[in-house]
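Engineer: Task: produce atomic coordinates for the following.
(one chain, ligands or ions: 1)
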Amino acid sequence: MSDQQRRPRKPAKPYRRPQKDPVRILAFEALRAVDERDAYANLVLPPLLRKARDKGDFDARDAALATELVYGTLRRQGTYDAVIAACIDRPLREVDPPVLDVLSLGAHQLLGTRIPTHAAVSASVELARVVLGDGRAKFVNAVLRKVSAHDLDGWLDRVAPSWDDDPEDHLAVVHSHPRWIVSALWDSLGGPRAGIEDLLEADNERPEVTLVARPGRTTAEELLTSAGAGAALPGRWSPLAVRLAEGGEPGAVDAVRDGLAGVQDEGSQLVALALAAAPVEGPDRRWLDGCAGPGGKAALLAGLAAERGALLVASEKQPHRAGLVRQALQGNPGPYQVIAADGTRPAWRPGTFDRVLVDVPCTGLGALRRRPEARWRRRPEDLDGFAPLQRALLTEALAAVRPGGVVGYATCSPHLAETRAVVDDVLRARDDTELLDARPYLPGVPALGDGPDIQLWPHLHGTDAMYLALIRRTA
Ligand SMILES: C[S@@+](CC[C@H](N)C(=O)[O-])C[C@H]1O[C@@H](n2cnc3c(N)ncnc32)[C@H](O)[C@@H]1O
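Structural biologist: Residues are numbered from 1 along each chain as shown. I've put the predicted structure just below:
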């Protein structure tokens, strides 16, 4: 008998059931839904959180942590992919997506939160045991131990291309944006390194929740009172805005529940306010919102129109979204109509309106703060899909307004191909329009550039990156 045969066997470790952590399991389920079903995190999370709360083992702190884990992991996916790729010996695309989700969640806890290292690794391994099985949990353990060897800055020094070699690649990895988006945002923003870095970082922050006091239904002062002492602040730029304090729930504000106020980014409020403030020559009785769904700007415009005795027609191509517009406008103090119509085949006679807003479908690159997964889904080719529609909608808006009236062309994207290029192309082909300087109609708002159009920015204004051009029909 050899020594080895005689040596007593090490007793096998007794099997221990994996610990089920409802927060991490929920975060994993949300990430799987985003990946597998192309779901939107902001739509998938609320029902999962509600279900968990209804089961009774989930409190507000758990919900906040689950939300942070999902949003943070999705936003920082580009950085975490680069880190994880440096910790494994095969291409990232060969890692099964559910395994990658557990690794990314672990990387976020290690590099993007204050969760202590041992807790982040062990919680991720336990999650892996529950959702992937013991075999793959060992792989997760090995990879996350490597990830835990450095903090975020240490990893960025190792995995991000140097600024001198390739500034855009550097920014893409450090600030977790696809390179083509870095490039497009920088083209539009212009300026030196500090500006684009601030913008990309602002895209990675959670935006404040902003409410709008709908004119004729309530005021910002009443809304502040309705939100409760200490729970809200006045807006920065819009006289109708109220900002909820961290963690504030719009559904808990009576005025929102009763439809007197709505949730609306200040950038969107400024667009509607500027269009309403631009002078028209002659009567000011008929207003059109040609791309109205789901109705945020239409509800604000309808209230402003009512103050002047004007009528708003809110038109939206998708019937179900026209239904949302109807809900948003219900209770408006003045007259309005909601119709389901294609803005490129107008349901109205040319020259019918005094003011027209076309807030056209776009890539949404100005709202990356709100849609954490959007930056990874969008493709440069999407721009080609929107381009003809954006031009057609602006062309029809200019046909819908009478000479002397004003059109507002708006996008929730700062991409030049969706903003200036569209306006320039459409206006170049005609001699009956003039671009108005939009800046005076956003009083008190700084850093609006050289005009005549305006571009808002998350890092400069705390708003989505809304674009607005105001165009007058001269003949
Ligand atoms: C950026 S959203 C408008 C957001 C809206 N102004 C708000 O503040 O709530 C663009 C809208 O245009 C609609 N749309 C797309 N194609 C259209 C068309 N041909 N005619 C009219 N609306 C269209 C989309 O369904 C979408 O609801």
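Engineer: number of nearby residues for the closest residue to Leu368 other than its chain neighbours?
Structural biologist: Nearest non-adjacent residue to Leu368, counting by C-beta to C-beta, 6 or more residues apart in numbering: Asp203, 4.4 Å away. Just so you know, the C-beta spots here come from the backbone N, C-alpha and C atoms, and that holds for glycine as well. Neighbour count of Asp203, defined by other C-beta atoms under 10 Å: 25.
Engineer: ok, now which ones touch Glu316?
Structural biologist: Residues in contact with Glu316, defined by C-beta atoms under 8 Å, 6 or more residues apart in numbering, are Cys291, Ala292, Gly293, Gly295, Ala322, Val325, Val338, Ile339, Ala340, Ala341.
Engineer: oh, I was asking about Asp38
Structural biologist: Taking C-beta under 8 Å, 6+ apart, we find Asp38 in contact with Arg377.
Engineer: re the thing from before, which one (most neighbours) among the contacts of Glu316?
Structural biologist: For these, neighbours tallied by other C-beta under 10 Å; top is Ala292, 34 neighbours.
Engineer: Pretty sure that one sits in a strand.
Structural biologist: No. Looking at Ala292 with DSSP: H, G, I helix; E, B strand; the rest coil, it is coil, so not inside a strand.
Engineer: shouldn't it be in contact with Val338?
Structural biologist: Yes. Assessed by C-beta atoms under 8 Å, Ala292 is found in contact with Val338 at 7.4 Å.
Engineer: Model confidence score at the residue nearest to Leu368, please.
Structural biologist: Reported pLDDT at Asp203 in the predicted model: 97.
Engineer: Against Arg326, how distant is the residue most central in space within the chain?
Structural biologist: Geometric centre of the chain, nearest residue: Arg370, 2.6 Å, by C-alpha atoms, centre = their mean. Applying C-beta to C-beta, to the nearest Å, the value for Arg370 to Arg326 is 24 Å.
Engineer: CA-only coordinates of stretch 257-265 in CSV, if you can.
Structural biologist: Listed next in CSV are the C-alpha coordinates belonging to stretch 257-265 (Å, rounded to 0.1, in the frame of the first residue of the first chain):
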residue,chain,number,x,y,z
ARG,A,257,-51.8,61.9,-9.2
ASP,A,258,-54.6,64.4,-10.0
GLY,A,259,-53.1,65.4,-13.4
LEU,A,260,-52.5,69.0,-12.4
ALA,A,261,-48.7,68.4,-12.8
GLY,A,262,-46.6,65.9,-14.7
VAL,A,263,-43.1,64.5,-14.8
GLN,A,264,-41.1,66.5,-17.3
ASP,A,265,-37.5,67.2,-17.8
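Engineer: Residues touching that stretch, excluding its own?
Structural biologist: 207, 209-214, 217-218, 222-223, 226, 241-242, 250-251, 253, 255-256, 296-297, 299-300, 327-328, 330-331, 367, 463-464, 466.
Engineer: Next, the buried residues of that stretch.
Structural biologist: In terms of neighbour count (16 or more other C-beta atoms under 10 Å), stretch 257-265 has its buried residues at Gly259, Leu260, Ala261, Gly262, Gln264, Asp265.
Engineer: Quick check: nearest residue in space to Leu244, chain neighbours excluded?
Structural biologist: Nearest residue to Leu244, sequence neighbours excluded (C-beta to C-beta, 6+ apart): Val209, at 4.3 Å.
Engineer: Run through the helices of the stretch 101-250 of the chain in chain order.
Structural biologist: Applying DSSP state H, counting those that start in this stretch to the stretch 101-250 of the chain gives helices spanning 117-131, 134-147, 152-159, 167-174, 179-189, 193-203, 220-227.
Engineer: Those helices: which one's closest to Leu436?
Structural biologist: Distance to Leu436, taken as C-beta to C-beta, is lowest for helix 179-189 among these, at 20.6 Å.
Engineer: Tell me what angle the closest one forms with helix 193-203.
Structural biologist: Going by axes from the mean of the first three to the mean of the last three C-alpha atoms, to 10 degrees, helix 179-189 is angled at 120 degrees with respect to helix 193-203.
Engineer: any idea how far helix 179-189 is from the chain center?
Structural biologist: Between the centre of helix 179-189 and the centre of its host chain there is 17 Å, according to C-alpha atoms, centre = their mean, to the nearest Å.
Engineer: Which residues outside it are in contact with it?
Structural biologist: Residues outside helix 179-189 that contact it (C-beta under 8 Å, 6+ apart) are 168-169, 171-172, 175, 177, 195-196, 199-200, 365, 368, 375, 378, 380, 414-417, 419, 455, 457.
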